[in-house]
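1. what shape does this take:
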Amino acid sequence: MKSLVLAEKPSVGRDIAKVLKCNKNKGSFIEGDKYIVTWALGHLVGLQDPERYSDKYKKWSMETLPMLPKHMKIEVLRKTSKQYNEVKKLLFREDVKDIIIATDAGREGELVARWILEKAHSNKPIKRLWISSQTNKAILDGFNNLKDGRLYDNLFKAAVCRAEADWLVGLNVTRGLTCKYNAQLSAGRVQSPTLSLIVNREDEIKNFKPKEYHTINVKSDKCNFTWVNKDNNGRIFDLDFSKRLENKLKGSNLKIVNVNSKDKKAYPKALYDLTELQRDCNRMYGFSAKQTLNVMQRLYENYKVLTYPRTDSRFVTTDVVGTLKDRVKAVAIGEYRGICENILKKDIKGNKSFVDNSK
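-> You can find the predicted model right below:
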């Protein structure tokens with residue numbers, strides 16, 4: 001009997017198959033002695049379009065809104081139906097005893113796999129491969145420590161909630177706006193509030209009324225001083241007060257009455273999560289969020305330099321620590337060579353500041 005491994009993308013499936021010593025490539029899956037590795041192509045199954053619930057939704061009209069199906073239904077996506085049918089055949093092979101979900105370790109990855117199993121009506125036992133790195137060691141360790149699939153039921157439910165909220169808000173409001181204004185307008189659960197933030201900020205900028213203020217700086221041959229008020233603000237909006245203060249300071253002696261100094265310990269910054277890296281890449285290189293994500297995905301899947309990129313966690317798991325030297329070697333080029341070589345002289349020991357399985 002064999003286990004069917006379901007990955008999210010062909011490239012990840014091939015990596016897993018290589019580690020599991022599966023070498024019979026059948027096109028839509030790769031088979032070995034103990035495992036059969038197949039993959040989705042992103043989502044193979046999604047929520048049904050409104051037209052599939054009722055013929056009345058075929059025509060966009062205000063009279064049919066809001067569309068609120070009592071039970072949301074899923075369907076096979078037409079573009080990827082061929083791969084879905086191949087996966088379904090494998091699910092029901094007599095020599096397949098259980099399914100190992102090996103999609104991305106996150107909410108959306110869970111949804112990709114569970115909807116396939118739900119649509120196919122598969123009742124075979126499920127296990128979960130939960131890894132945040134695509135290195136051979138991480139994959140092998142993950143398969144040696146497979147989790148019970150039921151532990152991730154709530155993650156799947158959270159993903160379904162997100163998908164259904166997108167459907168209910170996005171499709172209803174998009175139809176409503178388009179019908180009301182007779183123009184192709186769109187709305188969405190994330191898109192609309194984000195657009196609102198941008199519009200409100202733009203209005204603030206347009207309606208901004210500039211106000212004159214002064215700052216006072218005192219320069220000496222050894223150091224410089226800046227006047228600040230009790231709120232630690234150096235801007236003086238009372239121009240008369242600013243003038244009086246300036247006249248009082250001119251030609252006067254400045255007496256330093258107290259100097260406080262203390263040593264502070266500066267800890268290294270936390271590791272990057274997706275959002276922080278997208279911000280820095282935009283600031284430093286002008287990358288869009290999508291460009292940064294695409295680069296990260298390639299570095300993760302093809303080059304094994306990054307750990308799992310689609311995360312808001314700033315910690316790595318203990319299984320990644322053994323791979324850190326290889327990752328440092330991968331970036332030991334140009335201006336970073338000296339820094340990296342210095343780091344590589346010693347063993348890299350993961351401490352709680354960046355290695356924490358619970359986070």
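
2. for the stretch 201-350 of the chain, which segments count as helices?
-> 239-249, 274-285, 289-301, 318-321, 324-330, 337-344 (DSSP state H, counting those that start in this stretch).

3. output the contacting helices and strands for the last one.
-> What that stands for is helix 337-344. Packed against helix 337-344 by the contact rule (3 or more C-beta pairs under 8 Å, 6 or more residues apart in numbering; DSSP states H and E) you find helix 324-330. Glycine gets a C-beta too; all of them are placed from N, C-alpha and C.

4. and the helix it packs on, which residues are buried?
-> Within helix 324-330, the residues scored as buried using 16 or more other C-beta atoms under 10 Å are 324, 327-328.

5. nearest to residue 154, out of the helices of the stretch 201-350 of the chain?
-> Residue 154 lies closest to helix 274-285 among the helices of the stretch 201-350 of the chain, at 22.0 Å (C-beta to C-beta).

6. so which elements touch the closest one?
-> Against helix 274-285 (3+ C-beta pairs under 8 Å, 6+ apart) you get helix 289-301.

7. now for the protein, the helix or strand with the poorest mean pLDDT.
-> helix 318-321 (a mean of 81; mean pLDDT, DSSP states H and E).

8. only the buried residues of that helix, if you could.
-> 319-321.

9. so how far is that helix off the chain centroid?
-> Centroid displacement of helix 318-321 relative to its chain, using C-alpha atoms, centre = their mean, to the nearest Å, is 20 Å.

10. same thing with stretch 23-34?
-> So, by C-alpha atoms, centre = their mean, the centroid of stretch 23-34 is 31 Å from its chain's centroid.

11. okay, it in CSV with CA atoms only?
-> Extracted C-alpha coordinates of stretch 23-34, given in CSV (Å, rounded to 0.1, in the frame of the first residue of the first chain):
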residue,chain,number,x,y,z
ASN,A,23,11.4,8.2,-10.0
LYS,A,24,8.6,7.0,-12.2
ASN,A,25,7.4,10.2,-13.8
LYS,A,26,3.8,9.7,-15.2
GLY,A,27,3.2,13.4,-16.2
SER,A,28,0.6,14.3,-13.7
PHE,A,29,2.3,12.4,-10.9
ILE,A,30,5.5,10.8,-9.9
GLU,A,31,5.5,7.3,-8.3
GLY,A,32,7.8,5.4,-6.1
ASP,A,33,7.7,2.2,-3.9
LYS,A,34,6.0,3.8,-0.9
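
12. residues contacting the residue nearest the centre of the chain?
-> Residue closest to the average C-alpha location in the chain (C-alpha atoms, centre = their mean): residue 310, at 3.2 Å. Listed by C-beta atoms under 8 Å, 6 or more residues apart in numbering, the contact set of residue 310 reads 104, 106, 108, 274, 293.

13. read off the pLDDT value for it.
-> At residue 310, the predicted lDDT confidence score is 82.

14. residue 301 versus that one, what's the distance?
-> Per C-beta to C-beta, to the nearest Å, residue 310 is found 12 Å from residue 301.

15. on that earlier part again, for residue 51, which of the helices of the stretch 201-350 of the chain is the nearest?
-> Closest among those, using C-beta to C-beta: helix 289-301, at 29.7 Å.
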